[in-house]
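S.K.: Just a sequence and a predicted model for now, questions to come.
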Amino acid sequence: MTHDNTQKLFNSFPRLYRGRVKSVQESLMSIGFDCGDGWFDLIWTLSQKIEDMARKAGLEPQSNGWPEAIQVKQKMGTLRFYLDNPTETMTALIRKAEQDSAKTCETCGSPGSTVKGSRVNTLCDNHEKENLMETSVVSKTPVWQCKKD
């Protein structure tokens, strides 16, 4: 995710992403979001819902019980959102966002599908074509190695 979108999430949800200021050994949020910008809206909406649920449950943002995202990444073409102190409802919301990511282009946010190549990604048709062009290697034999009849 770009630096700008990362900062928007960190600034808007500072307690949820409080791991951003911890060491890598304590929280992988210190390295940011390991996914494309196409999932920014999914992550934003999920972040809002998690914080709303925490407030409705009577938690104080400064309390130890406030949920904390410890890692957000792409794995096998879908979003992975790891959270400390989740409720069952928060866990269900996370699973829903993960399911939605399997239908959302990680690059641009358009409808997409899982694409298996050198990596598994969820991409729209346009980004799938771009990805194929970037990762395909044409095997060419140097002229000096060609057999002469």
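M.R.: Received, thanks. Numbering: from 1, shown residues only.

S.K.: so where is the chain shaky, pLDDT-wise?
M.R.: Along the chain, the parts satisfying pLDDT under 70 run over 132-149.

S.K.: Does anything pack onto the longest helix anywhere in the chain? Which helices or strands?
M.R.: Longest helix in the chain by number of residues, with DSSP state H as the criterion: helix 40-56. For helix 40-56, the packing partners by 3 or more C-beta pairs under 8 Å, 6 or more residues apart in numbering; DSSP states H and E come out as helix 3-12, strand 78-84, helix 88-101. Heads up, the C-betas are built off the backbone N, CA and C, glycines and all.

S.K.: at 10 Å instead, please
M.R.: On a contact count with 3 or more C-beta pairs under 10 Å, 6 or more residues apart in numbering; DSSP states H and E, helix 40-56 meets helix 3-12, strand 68-75, strand 78-84, helix 88-101.

S.K.: To Leu28, which of those lies closest?
M.R.: Leu28 sits nearest to strand 68-75 of all these, at 4.0 Å, using C-beta to C-beta.

S.K.: elements contacting that closest one?
M.R.: Short answer (3+ C-beta pairs under 10 Å, 6+ apart): strand 68-75 packs on helix 3-12, helix 40-56, strand 78-84, helix 88-101, strand 120-123.
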